[in-house]
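>>> Attaching a predicted model along with its sequence, questions to come.
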Amino acid sequence: MRVSNCRLGRVLMVGLVFSVGAEFATAQSFTISQNGQNVGTAGLSLKPSGGGFGSTSWTKINMPGLNYSFSENETMAGGYLLKSAQLDGSVNGTKATVNTTSQGQQLVMKINANGQVINTPLAFHPQAVFFPDFDPAALQTVLNLGALHNNRDLWAVIPKQSGSVTALRIVTKQDEQGALNGQQTPIHHVTITADADTIEVFSDTSNQLMQAEWSEEGFAMVRQGFVLTPPAKPRTPPPSQQPQQPANPAGGQDPAPQPQ
């Protein structure tokens, strides 16, 4: 991984500004690793609420050069359409909040970090997904929306810089096999591209997120109890190779200790 181009290098802040379905209740826990070494955890809860859906998610990563965490609450109308999202986070001790709401024909993102508040109106898209880094809720919502819309016309609402919206590109790959808690299951595989990020995403036949991989940086988010068979990449680095870490994180939002 080239540190200067590392996606995590865009997770934090530049200057004082952020460079930041399955229609049933589901709760998932994940382990995050880099080159086979555990560096964090994540979780997701998604359930019907008020004619739509509510989700909570969190992520914690603790590794040399990066202490990153967030908790997020999101409300969606029927069809997983974004209504609002609130994220509280911390990156290397610096706290920040991001609030995004749907207001008529636009989304409004409010970013509060280091005493500065930025309000950014964003273009409205019906199939928009709030898309922080390493967020299992974002990936699950993409899977659910993709199933409803044939993986077309999806957009990522990215809480970095002052906020932006970018088209999601989803490519379907050949199905694979996996096992959840020892039970074999067919696994769907798609490649999701959002801006400069490319993520390999694996889900079961009920569309639940099982695994995500950021191959260039060697990161993986794997549901507890799940094994891709065979794994898409080695589970541990070669003996002579040490895990690579971002030496100069700078650039994005997301973050705060998760409520467990």
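Structure received.
>>> Low-confidence ranges, the chain, go.
The model of the chain has pLDDT under 70 over residues 1-26, 231-260.
>>> can you tell me which residue is nearest the centre of it?
For the chain, Asp135 is the residue whose C-alpha lies nearest the centre (Cα atoms, centre = their mean; 2.6 Å).
>>> Surely it is in contact with Thr59?
Yes. Using Cβ atoms under 8 Å, Asp135 is in contact with Thr59, at 6.4 Å. For every residue, glycine as well, the C-beta is placed using N, CA and C.
>>> Strands along the stretch 51-200 of the chain, start to end?
For the stretch 51-200 of the chain, applying DSSP state E, counting those that start in this stretch gives strands covering 52-63, 66-77, 81-91, 94-103, 106-113, 116-123, 128-130, 155-158, 164-172, 176-180, 183-194, 197-203.
>>> which parts of stretch 147-159 are buried?
By neighbour count on 16 or more other Cβ atoms under 10 Å, the buried set for stretch 147-159 is 151, 154-159.
>>> distance between it and the chain's centre?
Counting by Cα atoms, centre = their mean, to the nearest Å, stretch 147-159 is centred 13 Å from the centre of its parent chain.
>>> With only the CA atoms kept, save it in CSV.
Extracted C-alpha coordinates of stretch 147-159, given in CSV (Å, rounded to 0.1, in the frame of the first residue of the first chain):
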residue,chain,number,x,y,z
ALA,A,147,-31.4,-5.4,-5.0
LEU,A,148,-34.3,-3.1,-5.5
HIS,A,149,-32.9,-1.1,-8.4
ASN,A,150,-30.8,-3.6,-10.3
ASN,A,151,-27.6,-2.0,-9.0
ARG,A,152,-28.3,1.2,-11.0
ASP,A,153,-28.6,4.9,-10.1
LEU,A,154,-27.2,4.7,-6.6
TRP,A,155,-25.3,7.6,-5.1
ALA,A,156,-22.9,8.0,-2.2
VAL,A,157,-23.3,10.9,0.2
ILE,A,158,-19.7,11.3,1.4
PRO,A,159,-19.0,13.2,4.7
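>>> Tell me who's in contact with the closest residue to Glu213 other than its chain neighbours.
Once flanking residues are discounted, Glu213 sits nearest to Glu200: 4.3 Å by Cβ to Cβ, 6 or more residues apart in numbering. Applying Cβ atoms under 8 Å, 6 or more residues apart in numbering to Glu200 gives the contacts 173, 189-191, 212-213, 215, 232.
>>> Met210 is in contact with Ser203, isn't it?
Yes. Counting by Cβ under 8 Å, Met210 touches Ser203, with 5.7 Å between them.
>>> Now list whatever residues contact both of those two.
Residues touching both Met210 and Ser203 (Cβ under 8 Å, 6+ apart): Ile187.
>>> between the host helix or strand of Leu44 and strand 52-63, what angle do the directions make?
Following DSSP states H and E, one finds Leu44 within strand 37-49. Angle of strand 37-49 versus strand 52-63, following axes from the mean of the first three to the mean of the last three Cα atoms, to 10 degrees, is 170 degrees.
>>> for strand 37-49, packing partners?
Using 3 or more Cβ pairs under 8 Å, 6 or more residues apart in numbering; DSSP states H and E, the elements in contact with strand 37-49 are strand 26-34, strand 52-63, helix 136-149.
>>> That one vs helix 136-149, what angle?
Here strand 37-49 points in a direction 50 degrees away from that of helix 136-149 (the same axes, to 10 degrees).
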